[in-house]
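In: Okay, structure incoming, though there's no sequence with it:
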C-alpha cells in the first residue's frame, strides 16, 4: 500500500508546483508538507519491507526443512517393492528439486505476491476515485496484458513438460552410470555411455530451445507493453487535460500506477508460470508422499494406573 501512496504524493507535488505562481510565495513552503509526508512514508515502507523480508525468509526455510524431513521419513517407511521400482537418484532428485521450488515459492509468496495481490485489489478503487476515465483505460490495458501472458504460458507449458521429462531421463542415466562406474569400466562401456549422454543432451537442447524462444518473445513484449501503457496514459491524459477532466498531477499519478501495476502483474505471471512448469516435479513429489506405507505406526504407549 505504501507503493500506491508514492505516485499519489508525486502527483500532488506536481500539481502544487503547477499552480504556484512566480514570486507569489516560496516554492519550498508550498510543498513542505507533501515532502515531509513523502519522506515519512518512504522510511516507514523501508522498515516494513525489512521486517517482512526477514520473517518471510525464516518461515520459508522452516517450511522447506519440514517438507524435506517429512519426505525423508516417508520414503524410509515405504516397502521394498516400491524402492525396487524407483531409482534412488530419482528419489533424491525429486526431493531436492521439489523442496527448492517450494522454498522459492513460499519466499516469493510471503515477500512479494501477497502484497502484490492486495495492491492490485486496492489500486483500482483508488484509481477510479481519482479519475474514472484514466482508470478504465488502465483496466483495459491490464486486461490485454493478462491475455497475452496467459497465451504465452499456455503455449510454453507443453514444451516445458517435455523438457522436464528429458531432464529426468538425464538424471536417471547419470545416477545409474556414476553409481556403477566400476562396472561400466570393467565392461568397457565408457565410450557407449558417453555417446548416450551426448544424445540425451542434444535431445534436451532440441526441446528446450523452442521454449526459450517463446520466453524471449514474452520478455520483449512485456517490456514493450510497459512503455506503451505509459505512453497511452500520457496521450489520453493530455486529451482529458484539454477537456478539463484531469490535472497534470493525476496524469503523473496514473503513469506511476501503470508502471507499478505492470511490474506486479509481471511478477505474478512469472510466479504462475513457475507453478505450471514445476507441476511435473510437484506431481512426483506429492505422488510419492501419497504412496501408502507398509509399516504400521505404533500406537502411543498406554499408561496403566491403579491396576491391581
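Out: On my side now, so go ahead. Everything quoted here is computed from the prediction, not taken from an experiment. Residues are numbered from 1 along each chain as shown.
In: From residue 194, how far off is residue 94?
Out: 26 Å (CB to CB, to the nearest Å). Quick note: C-beta positions are derived from backbone N, CA and C, even for glycine.
In: the more surrounded of the two?
Out: Each of residue 94 and residue 194 had its neighbours counted (other CB atoms under 10 Å), and the higher figure belongs to residue 94 (25 against 11).
In: what's the nearest residue to the more buried one if we skip its chain neighbours?
Out: residue 284 (4.9 Å; CB to CB, 6 or more residues apart in numbering).
In: Secondary structure element holding residue 230?
Out: For residue 230, the element it lies in under DSSP states H and E is helix 190-243.
In: ok now that helix, how far from the chain's centre?
Out: 16 Å (CA atoms, centre = their mean, to the nearest Å).
In: Which pLDDT value belongs to residue 26?
Out: We have a pLDDT of 65 for residue 26.
In: What is the helix holding residue 230 packed up against?
Out: Using 3 or more CB pairs under 8 Å, 6 or more residues apart in numbering; DSSP states H and E, the elements in contact with helix 190-243 are helix 132-179, helix 248-277.
In: Save the ones you listed as JSON lines, and put in mean pLDDT, distance to residue 72 and mean neighbour count too.
Out: Rendered in JSON lines, the data for the helices and strands packed on helix 190-243 read as follows (pLDDT from 0 to 100; distance: least, CB to CB, whole Å; neighbours: other CB atoms under 10 Å):
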{"stretch": "helix 132-179", "mean pLDDT": "79", "distance to residue 72": "18", "mean neighbour count": "16"}
{"stretch": "helix 248-277", "mean pLDDT": "82", "distance to residue 72": "24", "mean neighbour count": "20"}
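In: Quick check: which of the ones you listed is nearest to residue 102?
Out: Proximity of the helices and strands packed on helix 190-243 to residue 102 was assessed by CB to CB; the nearest stretch is helix 248-277, lying at 10.9 Å.
In: show me the contacts for the closest residue to residue 247 other than its chain neighbours.
Out: On the basis of CB to CB, 6+ apart, the spatially nearest residue to residue 247 that is not a chain neighbour turns out to be residue 15, at 5.5 Å. Counting by CB atoms under 8 Å, 6 or more residues apart in numbering, residue 15 makes contact with 247, 248, 249.
In: Run the angle between the helix holding residue 230 and helix 248-277 for me.
Out: Using axes from the mean of the first three to the mean of the last three CA atoms, to 10 degrees, the inter-axis angle of helix 190-243 relative to helix 248-277 is 160 degrees.
In: Let me see the mean pLDDT of helix 190-243.
Out: For helix 190-243, the per-residue pLDDT averages 82.
In: related to what we said a few turns ago, what is the burial count for the residue nearest to residue 94?
Out: Residues near residue 284, counting by other CB under 10 Å: 19.
In: Residue 196 versus that one, what's the distance?
Out: Taking CB to CB as the measure, residue 284 and residue 196 are separated by 23 Å.
In: And the pLDDT at the residue nearest to residue 247?
Out: As predicted, residue 15 sits at a pLDDT of 81.
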